[in-house]
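Trainee: take this sequence and fold it.
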Amino acid sequence: MLIPVIMAGGVGSRLWPASREAFPKQFLCFGSADSSLFQQSLQRLAGLPGVDAPIVVCNSEHRFLVAEQLRQLGIDKATIILEPVGRNTAPAVALAALAAQARSPEACLLVLAADHVITDVPVFQQAVLAGQQAAQQGALVTFGIVPRHAETGYGYIRRGPAAAALASNGRAPVYAVERFVEKPDLQTAQNYLDSGDYYWNSGMFVFTAAKFLQELGSFEPEILRACTQAWQAAKPDLDFTRVAPELFAACPSKSIDYAVMEKTRAVVVVPLDAGWSDLGAWSSVWEHATRDADGNACRGDVLLHGATTSFVQAESRLVALVGVDNTIVIETADAVLVACKDKVQDVKEIVRMLGDLKRSETVLHKRVYRPWGTYEGIAADDRFQVKRIVVKPGATLSLQLHHKRAEHWIVVQGIATVTCGDKTFDMYENQSTYIPLNTPHRLQNRTDSPLVLIEVQCGSYLGEDDIVRLDDIYGRAQA
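Mentor: This is a model prediction of the structure:
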């Protein structure tokens, strides 16, 4: 049994403004793809023999994004583990290994990041099969990316001799690992490239759950102890599994490389040359996009004149470039990034500045995703704001009230079932209603079509924290 483990944490600040804390890059679509990076990480497993339902480890704030994107793929038996706090990759994989052992003591894990691009799926799958065979013989397998250029942004793996005892029947070679090395300077990276003995460290692995937990217990017993206790005290929450927050918070924070892979004698590396990228910056997105004769790649409503080797993404309006080269332009409904392509690693500094200013653009898009649908700000000024709300078929918002604002609802499309105080009634297109201050109310869509309405909020304070949830099917009601 091969169980995919998808590590779906992280923010992806270098891909701002498309990537935000509440909707990070792994859940976004890039280039011409109709699937998110997270969804692609699962789709490329199709056809591998013996693949079981995935285990996803994610931030609690992203749980409904994960569930919805799994639903879109028709995956309904995934295990979704919610991390109450971030503790790096070793504890996250430990939780997944404990969950996998609950399914099968012999489970083999394929640990993948949710935000990688791999263009040559058949080559990737052959490498996975080679790694799985080695893992079933007791190895901890890491995948080393065959480098294309001298790169200073990745750690490296130096290979040792071929592991003859772990021959993979011609699928892909397997090598001993001589050492892991940190991110090098440019000259050192060039030396690594020239030698042919080094690979980029991909952060992808194959091993049995039992072997990983055994090695983790040998080198980091505190991590294993804390994760085991947190897992044993885990509780179900709808379709999710919540580990015990206080027990998991006590776990040391270490990467899987530092905790296990750099210490164990069981590690081997399988080379992977399959068009891999971690999309760590907008320049990487440009490299993997389909480009025109002038080297430009575009997504959305874009016009170019005299522009070359640039990347433009327009989400909400027309973007035009004239006479510029090597430029990145990312337009969203509430922010525009313009950057020189060779400086895009510094986008994280803009995100840091916005965080220092406590600006919402680091966290939310104008369109905000909720388990029941979306809302999007249309207009706002002193004492009022207007939102467009879309409620998915069959979805129900929480029963709630507001102390500082009243609301007006106008149905644009569909049929709304409204609870206001002690009354429940249906509202049709072009009809409206008023929700007074301090009045319990609820919005439902009992139909099989989307419900669209305009909400006008008026009051002395319009923040999202002026919501008192009295009842909520998503477990968000106040205690």
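
Trainee: tell me which helix or strand R71 sits in.
Mentor: In this assignment (DSSP states H and E), R71 forms part of helix 63-72.

Trainee: ignore the last one, S41
Mentor: Using DSSP H and E, S41 falls in helix 37-43.

Trainee: quick one: the helices in this protein, in order.
Mentor: Along the chain, the stretches classed as helices by DSSP state H are 37-43, 63-72, 89-103, 121-135, 186-195, 209-219, 221-232, 245-249, 256, 282-288, 347-356.

Trainee: the ones you listed: which one's closest to G414?
Mentor: Among these, the nearest to G414 by Cβ to Cβ is helix 63-72 (19.3 Å). All C-beta spots, glycine's among them, are computed from the backbone N, C-alpha and C.

Trainee: using PDB, write out every CA atom in that closest one.
Mentor: Below are the C-alpha coordinates for helix 63-72, written out as PDB (Å, rounded to 0.1, in the frame of the first residue of the first chain):
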ATOM      1  CA  ARG A  63      -9.000  23.100   6.000                       C
ATOM      2  CA  PHE A  64     -12.000  24.000   3.900                       C
ATOM      3  CA  LEU A  65      -9.800  24.900   0.900                       C
ATOM      4  CA  VAL A  66      -8.200  21.400   1.100                       C
ATOM      5  CA  ALA A  67     -11.600  19.700   1.500                       C
ATOM      6  CA  GLU A  68     -13.100  21.600  -1.400                       C
ATOM      7  CA  GLN A  69     -10.200  21.000  -3.800                       C
ATOM      8  CA  LEU A  70     -10.300  17.300  -2.900                       C
ATOM      9  CA  ARG A  71     -14.000  17.200  -3.600                       C
ATOM     10  CA  GLN A  72     -13.400  18.700  -7.000                       C
END
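
Trainee: how far off centre is that helix?
Mentor: Distance, stretch centre to chain centre, for helix 63-72: 11 Å (Cα atoms, centre = their mean, to the nearest Å).

Trainee: I'd like the average pLDDT over that helix.
Mentor: For helix 63-72, mean pLDDT rounds to 93.

Trainee: again with stretch 407-418
Mentor: Mean pLDDT, computed over stretch 407-418, is 98.

Trainee: list the buried ones in it?
Mentor: Using 16 or more other Cβ atoms under 10 Å as the burial criterion, the residues of stretch 407-418 that qualify are E407, H408, W409, I410, V411, G414, I415, A416, T417, V418.

Trainee: cool, and stretch 192-209?
Mentor: For stretch 192-209, by 16+ other Cβ under 10 Å, it's 192-193, 198-209.

Trainee: so can I have JSON lines of the residues you listed showing pLDDT and distance to Q39?
Mentor: Listed next are the buried residues of stretch 192-209 as JSON lines, based on pLDDT from 0 to 100; distance: Cβ to Cβ, whole Å:
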{"residue": "Y192", "pLDDT": "93", "distance to Q39": "33"}
{"residue": "L193", "pLDDT": "95", "distance to Q39": "33"}
{"residue": "Y198", "pLDDT": "95", "distance to Q39": "32"}
{"residue": "Y199", "pLDDT": "96", "distance to Q39": "27"}
{"residue": "W200", "pLDDT": "96", "distance to Q39": "24"}
{"residue": "N201", "pLDDT": "95", "distance to Q39": "24"}
{"residue": "S202", "pLDDT": "95", "distance to Q39": "19"}
{"residue": "G203", "pLDDT": "94", "distance to Q39": "19"}
{"residue": "M204", "pLDDT": "97", "distance to Q39": "17"}
{"residue": "F205", "pLDDT": "97", "distance to Q39": "21"}
{"residue": "V206", "pLDDT": "98", "distance to Q39": "21"}
{"residue": "F207", "pLDDT": "98", "distance to Q39": "25"}
{"residue": "T208", "pLDDT": "98", "distance to Q39": "27"}
{"residue": "A209", "pLDDT": "97", "distance to Q39": "25"}
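
Trainee: strands - which of these land there?
Mentor: Counting by DSSP state E, the buried residues of stretch 192-209 place Y198, Y199, W200, N201, S202, G203, M204, F205, V206, F207, T208 in strands.

Trainee: ok, the residues you listed vs A297, which is closest?
Mentor: Using Cβ to Cβ, W200 comes nearest to A297 of those, at 23.0 Å.

Trainee: how near is that closest one to P271?
Mentor: Applying Cβ to Cβ, to the nearest Å, the value for W200 to P271 is 10 Å.

Trainee: name the residues contacting each of these two.
Mentor: G144, V146 (Cβ atoms under 8 Å, 6 or more residues apart in numbering).

Trainee: what residues does the helix or strand bottoming out on mean pLDDT in the chain touch?
Mentor: The helix or strand of the chain with the poorest confidence is strand 367-370; it has a mean of 88 (mean pLDDT, DSSP states H and E). Where contact means Cβ under 8 Å, 6+ apart, the residues beyond strand 367-370 that reach it are A22, F23, F64, L65, E68, A333, T374, Y375, E376.

Trainee: over to stretch 26-38?
Mentor: By Cβ under 8 Å, 6+ apart, stretch 26-38 touches 6, 8, 10, 12, 15, 18-19, 25, 40, 43, 62, 65-66, 69, 113-117, 279, 285, 288-290, 297, 299.

Trainee: and stretch 292-301, by the same measure?
Mentor: Contact with stretch 292-301 is made by 30-32, 285-286, 289-291, 304, 307-315, 317-319, 331, as judged by Cβ under 8 Å, 6+ apart.

Trainee: quick check on those: which are buried?
Mentor: Neighbour counting over those (16+ other Cβ under 10 Å) leaves 30, 285-286, 289, 304, 307-308, 310-315, 319, 331 as the buried ones.

Trainee: among those residues, which two are most distant?
Mentor: Maximum pairwise distance among these (Cβ to Cβ): 22.9 Å, between T308 and E315.

Trainee: re the thing from before, who wins for proximity to T424 among the helices of the chain?
Mentor: Closest to T424 of the helices of the chain, according to Cβ to Cβ: helix 63-72, at 25.4 Å.

Trainee: by contact count, what packs against that closest one?
Mentor: Under the contact definition 3 or more Cβ pairs under 8 Å, 6 or more residues apart in numbering; DSSP states H and E, helix 63-72 sits against helix 37-43, strand 55-59, strand 79-83, strand 367-370.
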